[in-house]
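Visitor: sequence below, structure please.
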Amino acid sequence: MHWARSALVEIEFLVADGVAFSLTQFITALADAERTAFAGRAGAGITDIVMCALGYTWRDNASSVLSPTISHADFIYGGGAVAAHGVVLAEAHGSFAQSVNGTRMSGEARHKYVRQVKPHIATTCEHGDVIHGYSVAFGSNPSSLDTYLHVAETRISKDKGKPNPLAPQAEPRGAGAVPTSLALAAHRSNFLLMGATQVVAWIDWLRGTGDQPAEDYVTTFFTIEVSGRRFLAAAEHFFPYARSRFLFEELEFPRVPWPWEEFERWRHRLRGGLANVFAMDEWAAKSFLLALSAMIRGGRDQVPLALDLPDIEPFGFSPDLDRGYRDEDARYPVAQFRDGLALLSRLPRSPAPDARHWSPQRGFI
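Guide: As a prediction, this is how the structure comes out:
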């Protein structure tokens, strides 16, 4: 959570606020290594936007499921056109150098695809068959302010011969069905960004990578309404704004649900609402957490192969976003991803919202 906040602050200083992407003058103050690292993170972010626009949803880091002995892509995506068929790879590349131009970025996209994506096509990982791949190269020249985006992907060849008889089609899992391994990997990252540490701990336990947490720990979520949409925000995100006395009591007795009023006393002393808060679409969060409780009750040996989870329409990535949804402080008050994760640019001042309490065994109570 702290890493996410620091990354957002870095973007605010180094990326200009405008319709087109451009860097601020502060980019020249970074050392070469720092600028390279920042460009890589920006390239990863742009890659995710591209993949979301294509209908995919981020599922896992490729390094955790592909062989580390050979070069591989950065990320694994599912859903979209490959739902119920397999997964796709995505390689991300970013560059903020004086040598950036269209020819170079096009070459980088093709080179990265041949080297780090193509060797893994038609292989199998723990999330399913790898059936397609992309290489996204994003670059911006800090002097000319020219920005380039190039995408290389798996070429689909057409068989000129006679078509083979169609094999019997496997029974579909359903439009909302997501492989459980992919859902757990993706939502582990989502709830980690939101600050819901106990949800993350239970996911780790189900995946066999962590100890079993306390079953009577209750996680509190606040219902926040922004731009006509309802989101759940983890109460743990607001711990740094609570009174120190109350925070110590909460850490000592973590099973007591955390009330909104304690945070409100501090928030109203701030000049403005909190900015850049990770939350999740209410429907998506409730669907996953109820499924998570069911898996916890069943134990690690009874985890289903797929989960029926909603597919949320992305929102806030288009420059044509209706101005009626904008506020005076931010161009996009909400950036909504397909799996439900959302970035709220500013937490609105509002009456005390509803509080929802999630129990690992009983679901929402």
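
Visitor: in stretch 221-231, what's buried?
Guide: 221-224, 226-227, 229, 231 (16 or more other Cβ atoms under 10 Å). (C-beta placed from N, C-alpha, C; glycine too.)

Visitor: now the two most distant members of those residues.
Guide: Using Cβ to Cβ, the buried residues of stretch 221-231 reach their maximum pairwise distance at 221 and 227, which is 18.9 Å.

Visitor: where in the protein is pLDDT low?
Guide: For the chain, the stretches flagged by pLDDT under 70 are 1-9, 19, 67-69, 157-176, 239-275, 317-332, 349-352.

Visitor: strands along the stretch 251-365 of the chain, start to end?
Guide: Applying DSSP state E, counting those that start in this stretch to the stretch 251-365 of the chain gives strands spanning 275-281, 306-308, 334-336, 341-346, 355-359, 363-364.

Visitor: what helices or strands is the second one leaning on?
Guide: To tie it back to what came earlier, the one meant is strand 306-308. strand 177-179, helix 180-194, helix 282-298 (3 or more Cβ pairs under 8 Å, 6 or more residues apart in numbering; DSSP states H and E).

Visitor: domains in this protein, as residue ranges please.
Guide: 16-153, 177-364 (automatic domain parsing).

Visitor: among those, which comes closest to residue 10?
Guide: domain 16-153 (6.7 Å).

Visitor: next, the distance between the ends of the closest one.
Guide: Start and end residues of domain 16-153 are separated by 30 Å (Cα to Cα, to the nearest Å).

Visitor: from the chain's centre, how far out does it sit?
Guide: From the chain centre to the centre of domain 16-153 is a distance of 15 Å (Cα atoms, centre = their mean, to the nearest Å).

Visitor: export the domains of the chain as CSV, with columns for distance to residue 10.
Guide: What follows is the domains of the chain, written out as CSV (distance: least, Cβ to Cβ, whole Å):
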stretch, distance to residue 10
domain 16-153, 7
domain 177-364, 12
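
Visitor: ok so, going back, same list (the helices and strands packed on strand 306-308) but as a markdown table, adding distance to residue 276 and mean neighbour count.
Guide: Output for the helices and strands packed on strand 306-308, formatted as a markdown table (distance: least, Cβ to Cβ, whole Å; neighbours: other Cβ atoms under 10 Å):
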| stretch | distance to residue 276 | mean neighbour count |
| --- | --- | --- |
| strand 177-179 | 27 | 22 |
| helix 180-194 | 11 | 23 |
| helix 282-298 | 18 | 19 |
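
Visitor: right, and these - which one's nearest residue 153?
Guide: Going by Cβ to Cβ, the one of these nearest residue 153 is helix 180-194, 20.3 Å.

Visitor: counting contacts, what elements does the following helix or strand past the closest one pack onto?
Guide: Going down the chain from helix 180-194, the next helix or strand is helix 197-206, by DSSP states H and E. Packing partners of helix 197-206 (3+ Cβ pairs under 8 Å, 6+ apart): helix 180-194, helix 282-298.

Visitor: mind checking how far residue 96 is from residue 39?
Guide: Remark: distance between residue 96 and residue 39 (Cβ to Cβ, to the nearest Å) = 4 Å.

Visitor: shared neighbours, these two?
Guide: residue 139 (Cβ atoms under 8 Å, 6 or more residues apart in numbering).
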